[in-house]
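*Asks:* Just a sequence and a predicted model for now, questions to come.
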Amino acid sequence: MPEAREGHRDGRLPAAEASTTNACGGLEPGTADTKAGPSARAARGTGLLVTFVLGGLTATPPLAMDMYLPALPEVTRALHAPAATVQLTLTACLAGMALGQLVVGPMSDKWGRRRPLLAGLAVYVLATVLCALAPSVESLVAFRLAQGLGGAAGIVIARAVVRDLYDGVAMARFFSNLMLISGVAPIVAPLIGGQVLRVTDWRGVFVVLAVVGVALAGLVWARLPETLAPGDRHSGGVGEALRSMRRLLADAPFTGYLLTGGFAFAALFAYISASPFVIQEIYGASPQTFSLLFGLNSVGLVVLGQLNGKVLVGRVRLDKVLTVGLAVVVLAATALLLMASGVFGEVGLAPVAAVLFVLMSAMGITLPNAQTLALLRTRHSAGSASALLGTSSFLIGALASPLVGIAGEHTAVPMAVVQLAAALVALGCFVGMCRPWRTGAGDEGAEN
């Protein structure tokens, strides 16, 4: 499926972008960087500050999602809304982040990075303030959608800025730093949210998020220069991106990995949206206890993710690691369903928390490997592939949120059913479309 990298009219890679790859799609050292303009080189010279700013942009979406989690039961009481409706506030934010990526990415290629990023942060801050003032659950859902649309700018443009500033191994290392930050953010976010709820109500959580957004926008305005030179911008826009995505989806293994990662993320998001009710309402834990358990589970995900990147990659075939990860998720979801349905009798919080820890930790080797295997299929349109992977994961995950609350907030069965169903679909897509038993599957891309 050969195709030219999107955004270059002659279909050729600029010298600085022609990074060599090894057989597993890894970057080889020694790549030159000749494309960065003066402002990009200046930004790269202040590496620690740029890392801090881009890390903040990467952390904004998980902060917006996870700081709010301990407050979900309180929102249901304050706004007199059922759990399933309140969980739509998570779905709306996630859907906004998914759709926003498809819009902001082409905008930043056409107009540069700063203007779309600052506009997105302005929308994010305004929507967050409106969330704090929301008079009803319906208005809160609408404002959370706008918050997600604005927050999507940080996700897309942070990656684009890194690509403007770095090439080769340096870019891979910088992305590793951002991945670590995005993994730590979900750990600290519910802990911060739980502490905020000690001194204020759920509206105060959004006030804190708005203050963080204002501070981040100020840093971007003052310290992050434009990194995309005018000569490197193009007018292809959304139409060009959609044509590239259509070609990508025609490749069955790529689509298989995309769906595998998307439904695995749905199992993860079922946990994110339902666990506040399961842990606090069913098992009687405090918001602070829930925050600690959520943080512990996120630690497991980060540790397994680091083990995957530093130990397994290069030693064990990616498709084998992904198979193990999916199998563990299926087994953990099955055990949780048996516990929730009373097969083992009355169980306490400890066994449920242990199973959730195993499930979340397995995501550390499931999600990154599914995305990596998908990107290995498309070396010459990685930007469009990345947008597809992010948007599809968010949209599929958003579907899981209302389903986990369909039977109310006093049973964990819906969460377990959604997790098990999503994990089985992910495993089916992986086996049926990617065919990992084929010789060389998972090690080489489909394009030349």
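*Replies:* That came in fine, so what should we check first?

*Asks:* what's residue 99 in contact with, if anything?
*Replies:* For residue 99, the contacting residues are 148, 149, 152, 391, by CB atoms under 8 Å, 6 or more residues apart in numbering. From N, CA and C alone the C-beta is placed, and that goes for glycine too.

*Asks:* in which helix or strand would I find it?
*Replies:* Element membership for residue 99 (DSSP states H and E) is helix 83-111.

*Asks:* just checking, next helix/strand downstream of that helix?
*Replies:* Past helix 83-111, the next helix or strand by DSSP H and E is helix 114-132.

*Asks:* Need the CA coordinates for that next one. PDB is fine.
*Replies:* Extracted in PDB, the C-alpha atoms of helix 114-132 (Å, rounded to 0.1, in the frame of the first residue of the first chain):
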ATOM      1  CA  ARG A 114       0.400  28.700  18.000                       C
ATOM      2  CA  ARG A 115      -2.900  30.100  16.800                       C
ATOM      3  CA  PRO A 116      -5.000  26.900  16.800                       C
ATOM      4  CA  LEU A 117      -3.400  25.900  20.100                       C
ATOM      5  CA  LEU A 118      -4.200  29.200  21.800                       C
ATOM      6  CA  ALA A 119      -7.700  29.100  20.400                       C
ATOM      7  CA  GLY A 120      -8.200  25.600  21.600                       C
ATOM      8  CA  LEU A 121      -7.000  26.500  25.100                       C
ATOM      9  CA  ALA A 122      -9.300  29.500  25.200                       C
ATOM     10  CA  VAL A 123     -12.300  27.300  24.300                       C
ATOM     11  CA  TYR A 124     -11.100  24.800  27.000                       C
ATOM     12  CA  VAL A 125     -10.900  27.400  29.700                       C
ATOM     13  CA  LEU A 126     -14.300  29.000  28.900                       C
ATOM     14  CA  ALA A 127     -16.000  25.600  28.700                       C
ATOM     15  CA  THR A 128     -14.500  24.600  32.000                       C
ATOM     16  CA  VAL A 129     -15.700  27.700  33.700                       C
ATOM     17  CA  LEU A 130     -19.200  27.000  32.300                       C
ATOM     18  CA  CYS A 131     -19.000  23.500  33.600                       C
ATOM     19  CA  ALA A 132     -18.500  24.900  37.100                       C
END
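
*Asks:* For residue 347, what are phi and psi?
*Replies:* Residue 347 has phi and psi values of phi -110, psi 150 when expressed as degrees, to the nearest 10.

*Asks:* OK, contacts around the nearest residue to residue 70 once chain neighbours are set aside?
*Replies:* In space, and not counting its chain neighbours, residue 70 is closest to residue 287: 4.0 Å by CB to CB, 6 or more residues apart in numbering. Taking CB under 8 Å, 6+ apart, we find residue 287 in contact with 70, 71, 193, 194, 197, 280.

*Asks:* gap between residue 287 and residue 188?
*Replies:* From residue 287 over to residue 188 the distance is 15 Å, taken as CB to CB, to the nearest Å.

*Asks:* Can you spell out the domain ranges of the chain, please?
*Replies:* The chain resolves into domains spanning 37-235, 241-443 when parsed by automatic domain parsing.

*Asks:* Which strand or helix spans residue 157?
*Replies:* Assigned by DSSP H and E, residue 157 falls within helix 137-165.

*Asks:* for the stretch 151-300 of the chain, what spans make up the helices?
*Replies:* For the stretch 151-300 of the chain, the helices defined by DSSP state H, counting those that start in this stretch occupy 168-199, 202-223, 237-249, 252-277, 287-307.

*Asks:* Quick one: mean pLDDT over the shortest one.
*Replies:* Which is helix 237-249. The pLDDT scores in helix 237-249 average 73.
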